[in-house]
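Engineer: This is the structure alone, sequence omitted:
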């Protein structure tokens, strides 16, 4: 394991967190986190990274499978974080059999970006959703969105299954 790798689920997986593990707190040390989830919160800002192990949905189309998983998240956001006057922007990108989804909530001159990735482990009937929540910022231009997506893609590509025994 390299110095930059963060162990997940008792060492069954690893990932290289954006800006390095030393910039995050494992949320399970300060609050209860479900067994199927890993949550890291920024030490110095409102950034968070979540990794969810979920039951594989029967949808074979990657974008439709992502939409299925996002239904609950969007439902909760519509109840808590999205106001009727906010502009909500969705963008999907598929790279190497992984779908990446950007959700931007724009209110006045502020923008809150959330990035999601869906990794499918078909042999284990498991879908993995990796979420990267950025703090609210000024309205971003296309280059900034692309840079954030590239950074997120690099992190997702580092996600590695180390020990298959997690699946029984």
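Structural biologist: Received, thanks. Just so we're clear, the structure is a prediction, and the values are computed from it rather than from any experiment.

Engineer: I'd assumed residue 81 was in contact with residue 107.
Structural biologist: No: between residue 107 and residue 81 there is no contact under Cβ atoms under 8 Å: 9.7 Å. No exception for glycine: its C-beta is placed from N, CA and C like everyone else's.

Engineer: higher neighbour count, the two?
Structural biologist: residue 107 (16 against 12; other Cβ atoms under 10 Å).

Engineer: Tell me the confidence at the closest residue to that one other than its chain neighbours?
Structural biologist: Once flanking residues are discounted, residue 107 sits nearest to residue 86: 4.7 Å by Cβ to Cβ, 6 or more residues apart in numbering. According to the predicted model, the pLDDT of residue 86 comes to 92.

Engineer: tell me the contacts of residue 86?
Structural biologist: Going by Cβ atoms under 8 Å, 6 or more residues apart in numbering, residue 86 touches 105-107.

Engineer: Grab the nearest non-local neighbour of residue 160.
Structural biologist: residue 14 (5.1 Å).

Engineer: mind checking pLDDT for the nearest residue to residue 110 once chain neighbours are set aside?
Structural biologist: Take residue 110 and drop its neighbours on the chain: the residue closest to it by Cβ to Cβ, 6+ apart is residue 136, 5.0 Å away. Predicted confidence (pLDDT) for residue 136: 80.

Engineer: Then the one 10 residues further on?
Structural biologist: Per-residue pLDDT puts residue 146 at 83.

Engineer: That one: neighbour count?
Structural biologist: Residue 146, neighbours per other Cβ under 10 Å, totals 13.

Engineer: Which element, helix or strand, includes it?
Structural biologist: If you go by DSSP states H and E, residue 146 is part of helix 142-157.

Engineer: From the contact counts, what lies against that helix?
Structural biologist: strand 13-16, strand 87-95, strand 98-107, strand 110-121, strand 126-133 (3 or more Cβ pairs under 8 Å, 6 or more residues apart in numbering; DSSP states H and E).
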